[in-house]
Every structure is written in C-alpha cells, then in structure tokens.
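Peer 1: Mind folding the following:
(one chain, ligands or ions: 1)
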Amino acid sequence: MSDVLEVLNPATEETVATIPAAPADRARLLRRFAAVVDGHIEELALLEVREAGHTIGNARWEAGNVRDLLDFAAGGVERLSGRQIPVAGGIDVTFLEPLGVIGVIAPWNFPMPIAAWGLAPALAAGNAVILKPAETTPLTALRLAELALEAGIPEYLFQVLPGRGTVAGDALVEHPGVAKIVFTGSTRVGKQIMAKCADRVKRVTLELGGKSPNIVFADADLEAAAAAAPMAFLDNTGQDCCARTRILVQRSAYDRFLELLAPGIESVVVGDPADEKTQMGPLISRAQLERVRSYVTDDLTAVRGRAPEGPGFWYPPTLVTDAGPTAPVATEEVFGPVAVVLPFEDEEDAVRLANATEYGLSGSLWTRDIGRALRVSRAVAAGNLSVNSHSSVRYSTPFGGYKQSGLGRELGPDALTAFTETKNVFISTEA
Ligand code: NAD
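Peer 2: Numbering: from 1, shown residues only. The predicted model follows:
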C-alpha cells in the first residue's frame, strides 16, 4: 500500500533494501489510513465487542467514526492557514506551527473514537502522536497502529504505548519532549494531569465527566421524548460521558411522561453484545459493577429492566424515581445504566436544576416552542446541547465541556488548530 523506495546495489543491480518513503503529502497519507481502516471495520468492531463489551452495532459505528475522522482531518491539512493582518510600516502574517509530540491518553469507554479524536487532527496539523490506551482496552489502539503502518504512516509519527496510567500515562505527562497532553477520562485524574502540566506550562486538552440533563417541557412531543430517553442514558451501558442521566420533567407532564417512559426501560434488550438485536451489553469490569451498585441504595425506588444472570458484569437498566436533587445518584457521575427523574415547575426552575452540577458537558431539551428552545439552550452551561434529539457527537462540530467537564474543544472546524502554536511575523517594508 505504502510508497516504497527500492535501494539498489550499483555494482550488481541487486535490491539492498526496500524502505517506506517519508511522506511528502500528509493529506494523502491520512486518506490512505482512512481507507485502510475502512477495509478493517468489521475486524476492529469485533475487537471492540470482545475487549469492551460494546454492542456490535455501536462498535461498527465507532470503527467508522475513526475512518471519518481521518478523512475529515485530511481535508483540513490544506485549509490550516495563518492570517495576514493589516499593520503600519510593513506586513504581518501568522503561521500555525505544529506543537511537536502529542500525548493522547484515552479511556476505556470509547477506546477507538476517542483515540482518533486526538490522533487524526494532531497528525493532520503536522505533529507526532504517542497514544496511551486505557489498561483494559489496548487492543484496538495497537491494531490501529499496525493499520497506520500499512497505510504508510512512518512509525515515528504514531506510536502506541500500552501501560498503567500512573506509569505510562504519567511518563507522557512528565516528559519534557511531549508538548501537549490530550486527556479523556475522570475529572479526578484530569485535575492531577492539569496540575502536573502547569509545571512546564504544557498544553492540555481535557475531556472529563458529565451528569447531563434531559429536560422535558410539558409542551413537548411527550411520546417522542419518552421513546428517546432510555437509550439516551443506556447506550454503551451508560458508560458515556454524555449520558443523559438526569431526566428533568415539567411537573404538569410528570405522571404522563413516567407512564410513557417506564415500558421503554423495562423492554430494553440486554445481553450478548455480539447479537445484532442487543441494545445494551455488560459493564466493563467488576469494579465498575460494584461502583454502579453502590449508588442505587436499598431505600431508593426504581423502574428496572432486565439483565442476564451468571458470569459477566451485568446491571439492569434502572431509573430511580424518588431520589432528591442532592442525592449522590442525582449529582455524581455513576457511569452505568442508571438515571434519576426529577420534576421542575417552569423554565427558570428547569435551568436552575440543569445547572446545579459541577459538570457541563451535554444536555437535551424537548419542547415545541422554538423561542424556549433557544433561551434554554443558551442558559444551560454545557458545551453540547441538542433540541428534540440526544445527538452530541459529530466529527464536524465542536465537542467539549464547560465547568469541570473539561478544557478546550475537540472535533469540528477548529480541531487542527488545537494542535498548533500561532507564530506572528512582522516584515518591515521601510528598511
Ligand atoms: P481514568 O481517568 O481512570 O483513566 C483515563 C486514562 O487515564 C486511562 O488511560 C488511564 O490509564 C489514564 N490514567 C489514569 N491515571 C493516570 C495518571 N495519574 N496519569 C496519567 N494517566 C493516567 O478514567 P476511566 O476510568 O478510564 O474513564 C472513565 C471516566 O472518563 C469517566 O469519568 C468519564 O466521564 C470520563 N470520560 C469523559 C469523556 C469526555 O469526552 N468528556 C469521554 C470518555 C470518558
């Protein structure tokens, strides 16, 4: 697949070696990487099913997302331009220069896409990347590195460094040769990394936790809102930083909405993630299962779905109906198939409740009133909002958190710029 240079012995015309040619064209190389990934979607998806328990449908989407990100980033290579700024006495231009080596530290909940969110734009902007996958999910990252080589990306531009966070991850954070850390994971570790990066003024992008609201106004299409609400917190078994785990419902529609919502939770198909019909698989590990269990204490009332028994880290879809707004299950990120439902009175109350959290990653609101949709979208302090839908992530639109959900943005039109330093050059015309 890759360009190769054939080295000939001039005395014998025998081939001494064939070596990959270093790239002259980043965009072409990234497109080739995308094409190689495209040829391995099913293989990568099955790897994700086996190592992370993702449903096969989700895993195929995730592998496709890697391909799309590489394609999208490739399209940005030639568009990554500086500016020419009018000044007196000369001309002034800016250059967007690569930072150098980027350390991408990825979590286990979406191992492939999140690795690619950093990897693709960083390479496109002219950097090298070292990817540290999570301890439990290194396999897709390692396979992606092989596919990159097959596509002709030189080994020194993309490497995978599996290992423990406190060892391999920390080495990237501490290393003076790493110019920027892109970290996705828990808010706790994100804060530690930010503090360490401060020592060297190392650049950092943080994508951290969330406790996102799903706000349902009484004037909404309640049937549509109720039909969409279960998978908005159960997708990926709730191990999703954008999971809409606080369902806020206007009091006048509360009882009707719960009536519509409960059957949707009870009927979610939970089971073998490799089965095409499965909607929700297991949690990632026993530790995660214990963590989820600890939030749903015996004194709470819940609507529950079904989950398999026997081996595996299974937890049923669970909607807690009587937690107060300050209970741990209503305020902390559970990272499992658990949501709470809380009533609100009016628009002001909805915004107050939605913002009563340290997090600010995503949110949804359901209403037929376009003015209200805009007012509430602007008032909720979160980076990614959707109206009458639960969509959060598109490679072409920016993604990131307010407050303790993160720092900086990934994806979208400015994805490559986040991996550059701006240099300003003034050239005198008076000399
Ligand atoms: P985690 O913070 O424990 O680990 C994330 C990554 O950091 C892993 O690769 C881990 O090995 C590494 N790491 C751990 N300690 C480190 C240290 N001291 N120095 C350097 N690296 C270290 O998180 P997790 O358990 O893998 O992921 C779950 C969390 O991630 C959840 O809280 C979730 O909300 C969050 N998350 C956020 C987003 C987002 O985009 N905002 C996306 C996915 C996950």
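
Peer 1: For the stretch 251-400 of the chain, which residues are neighbours of the ligand?
Peer 2: By C-beta under 6 Å from any ligand atom, the part of the stretch 251-400 of the chain that sits against the ligand consists of 333, 335, 361. Every C-beta, even on glycine, is put in place using the N, C-alpha and C of the backbone.

Peer 1: Which one of those is nearest to residue 208?
Peer 2: Lowest distance from residue 208 to those (C-beta to C-beta) belongs to residue 361, with 7.8 Å.

Peer 1: so what's residue 295 up against?
Peer 2: Residue 295 is in contact with 328-329, 332, 334, 336, 338, counting by C-beta atoms under 8 Å, 6 or more residues apart in numbering.

Peer 1: Sitting in strands, which of those do you find?
Peer 2: When strands are assigned by DSSP state E, the members of those inside them are residue 338.

Peer 1: which of the contacts of residue 295 are the two that sit furthest away from each other?
Peer 2: Largest pairwise distance in the contacts of residue 295, by C-beta to C-beta, is 13.0 Å, between 328 and 336.

Peer 1: Which one of the two is surrounded by more residues?
Peer 2: In terms of neighbours (other C-beta atoms under 10 Å), residue 336 is the more surrounded of residue 328 and residue 336; the figures are 26 against 11.

Peer 1: If we ignore the residues flanking it in sequence, what's nearest that one?
Peer 2: Nearest-residue entry for residue 336: residue 292, 3.2 Å, with adjacent residues in sequence omitted and distances by C-beta to C-beta, 6 or more residues apart in numbering.

Peer 1: likewise residue 399?
Peer 2: residue 411 (4.6 Å).

Peer 1: Would you state the helices of the stretch 251-400 of the chain in chain order?
Peer 2: Listed in chain order, the helices found in the stretch 251-400 of the chain under DSSP state H, counting those that start in this stretch are 251-266, 286-295, 328-331, 347-354, 370-379.

Peer 1: try the stretch 101-250 of the chain
Peer 2: Along the stretch 101-250 of the chain, the segments classed as helices by DSSP H, counting those that start in this stretch run 111-124, 139-151, 170-174, 187-200, 222-234.

Peer 1: So for the last one, mean pLDDT?
Peer 2: What it means is helix 222-234. Throughout helix 222-234, pLDDT has a mean value of 98.

Peer 1: quick one: it near the ligand?
Peer 2: No. Under the criterion of C-beta under 6 Å from any ligand atom, helix 222-234 makes no contact with the ligand; the nearest approach is 13.0 Å.

Peer 1: between that helix and helix 251-266, how many degrees?
Peer 2: Using axes from the mean of the first three to the mean of the last three C-alpha atoms, to 10 degrees, the inter-axis angle of helix 222-234 relative to helix 251-266 is 60 degrees.

Peer 1: again with the first one
Peer 2: For the pair helix 111-124 and helix 251-266, the angle between their directions (the same axes, to 10 degrees) equals 100 degrees.

Peer 1: residues in contact with stretch 341-359?
Peer 2: 187, 208-213, 215, 217, 246-251, 254, 258, 261, 319-321, 323, 325, 330-331, 333, 363, 365, 372, 375-376, 379-382, 401, 403-405.

Peer 1: winner for burial among the helices of the stretch 101-250 of the chain?
Peer 2: helix 111-124 (a mean of 28; mean count of other C-beta atoms under 10 Å).

Peer 1: chain center to it: distance?
Peer 2: Averaging C-alpha positions (C-alpha atoms, centre = their mean, to the nearest Å) puts helix 111-124 10 Å from its chain's average.

Peer 1: From residue 165, how far out is residue 48?
Peer 2: Noted for residue 48: a distance of 20 Å to residue 165, by C-beta to C-beta, to the nearest Å.

Peer 1: The residue nearest to residue 399 contacts residue 397, correct?
Peer 2: Yes. Assessed by C-beta atoms under 8 Å, residue 411 is found in contact with residue 397 at 6.5 Å.

Peer 1: okay, these two: which has more neighbours?
Peer 2: Neighbour comparison, residue 411 and residue 397: the larger count goes to residue 411, with 23 against 13 (by other C-beta under 10 Å).

Peer 1: Which secondary structure elements does the helix or strand hosting residue 94 sit against?
Peer 2: Following DSSP states H and E, one finds residue 94 within strand 90-98. Of the remaining helices and strands, those touching strand 90-98 by 3 or more C-beta pairs under 8 Å, 6 or more residues apart in numbering; DSSP states H and E are strand 84-87, strand 420-428.

Peer 1: and with 10 Å instead?
Peer 2: In terms of contacts (3 or more C-beta pairs under 10 Å, 6 or more residues apart in numbering; DSSP states H and E), strand 90-98 is packed against strand 84-87, helix 111-124, strand 420-428.

Peer 1: Adjacent strands (with direction) for it?
Peer 2: With DSSP bridges as the criterion, the sheet partners recorded for strand 90-98 are strand 84-87 (antiparallel), strand 420-428 (antiparallel).

Peer 1: Buried residues of the last one, list them for me.
Peer 2: Taking 16 or more other C-beta atoms under 10 Å as the neighbour-count basis, strand 420-428 is seen to contain the buried residues residue 420.

Peer 1: again, but for the first one
Peer 2: For strand 84-87, the neighbour count (16+ other C-beta under 10 Å) marks no residue as buried.
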